[in-house]
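Visitor: A structural model of the following input is requested.
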Amino acid sequence: MHMQLEMMLVLEGSLYAYIDGQKHLLETGDMTFVFPNCIHGRASVGQQPARVAIAAVVPQLTGQFSQTVLHFRPQTPILSAGDVTPAVLHAFDQLLELSREVNQGQYAEILIQSYMQIILGWTLPRFQLVQKENKGFSSIQKAVDYILKNYTQPITLESAAEAAGVGKNHLSAAFSKHMGMSFNQYVNNIRLHSARETLQYTDKSITEIAYACGFGSLRTFNRLFSDRFQQTPSAYRCSLLEERANKE
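Guide: Numbers count the residues shown, from 1 in each chain. So this is what the prediction gives:
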């Protein structure tokens with residue numbers, strides 16, 4: 001759960017997406033659109049993880065669609081591969097390219113808005129939009145909010161349950177049902193994605209990044225990163241450097 005509009009394209013393979021309590025099977029070429037403050041997670045199908053591309057944009061950079069993004073959500077936030085138009089794919093690819101640039105330039109926000117208006121202009125008519133209900137935070141929303149604020153520190157199921165005002169067994173079952181993963185897996189995913197962004201945009205050492213993102217040891221960080229992204233943190237950083245060198 002976060003304040004961004006998150007778009008995910010399945011590049012290869014299959015996975016389950018859990019969005020607002022609904023489970024969806026995604027195949028190659030499918031896209032998901034998770035609007036701000038929607039509970040979501042994903043899980044692999046079988047042993048081989050799917051390859052995905054993800055772009056996340058704050059509502060303010062969606063141009064004329066910002067109020068729609070803030071106050072509505074798709075009833076079924078999935079586009080099958082056949083409904084993903086070439087225009088949407090091209091704009092999505094451009095967003096990904098822009099996100100990889102270290103120095104994005106003064107016109108980056110204008111470009112992002114342009115790409116997002118292309119994407120949403122093509123996709124929103126294909127969704128049935130419903131107004132978001134404002135019933136206050138559920139227990140899992142409170143737990144996710146607690147995790148996002150504290151993932152750089154040692155946190156436990158017990159501390160998150162206390163913050164959410166529920167028992168730890170209740171919270172554990174809620175994560176399995178609504179997120180498709182355990183509490184610890186969710187926390188580690190948050191930490192891993194934060195670490196990957198830090199590897200991409202800073203020159204901090206891998207050891208420094210591991211501890212800054214909440215991992216208890218460098219060994220644990222290396223193992224979990226390799227399991228999640230199919231390469232070590234150092235290999236990931238090297239691939240980024242090679243990619244930038246090839247562009248120069």
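Visitor: now do the contacts for residue 129.
Guide: Residue 129 sits next to 68, 72, 73, 74, 75 when contact means C-beta atoms under 8 Å, 6 or more residues apart in numbering. (C-beta placed from N, C-alpha, C; glycine too.)
Visitor: and the longest helix belonging to the chain, how far from the chain's centre?
Guide: Looking across the chain with DSSP state H, the single longest helix is helix 183-201. Its chain's C-alpha centre and that of helix 183-201 lie 10 Å apart, by C-alpha atoms, centre = their mean, to the nearest Å.
Visitor: before we move on, what about stretch 108-126?
Guide: With C-alpha atoms, centre = their mean as the basis, stretch 108-126 stands 18 Å off its chain's centre.
Visitor: can you give me the buried ones in that stretch?
Guide: Within stretch 108-126, the residues that count as buried by 16 or more other C-beta atoms under 10 Å are 111, 112, 113, 115, 116, 117, 118, 119, 120, 122, 123.
Visitor: likewise for stretch 220-233?
Guide: Neighbour-count burial for stretch 220-233, with 16+ other C-beta under 10 Å as criterion, is recorded at 221, 222, 224, 225, 228, 229, 233.
Visitor: which element is residue 114 on?
Guide: Using DSSP states H and E, residue 114 sits in helix 108-123.
Visitor: do residue 154 as well
Guide: Going by DSSP H and E, residue 154 is not in any helix or strand.
Visitor: next step: the contacts of residue 129 restricted to helices.
Guide: Counting by DSSP H, those contribute residue 68 to helices.
Visitor: just the buried subset of the contacts of residue 129, written out for PyMOL, thanks.
Guide: To isolate the buried subset of these in PyMOL, counting by 16+ other C-beta under 10 Å, use the following:
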select buried, resi 72+73+74
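Visitor: tell me the one of the contacts of residue 129 nearest residue 89?
Guide: Nearest to residue 89, judged by C-beta to C-beta, of the contacts of residue 129 is residue 74 at 18.6 Å.
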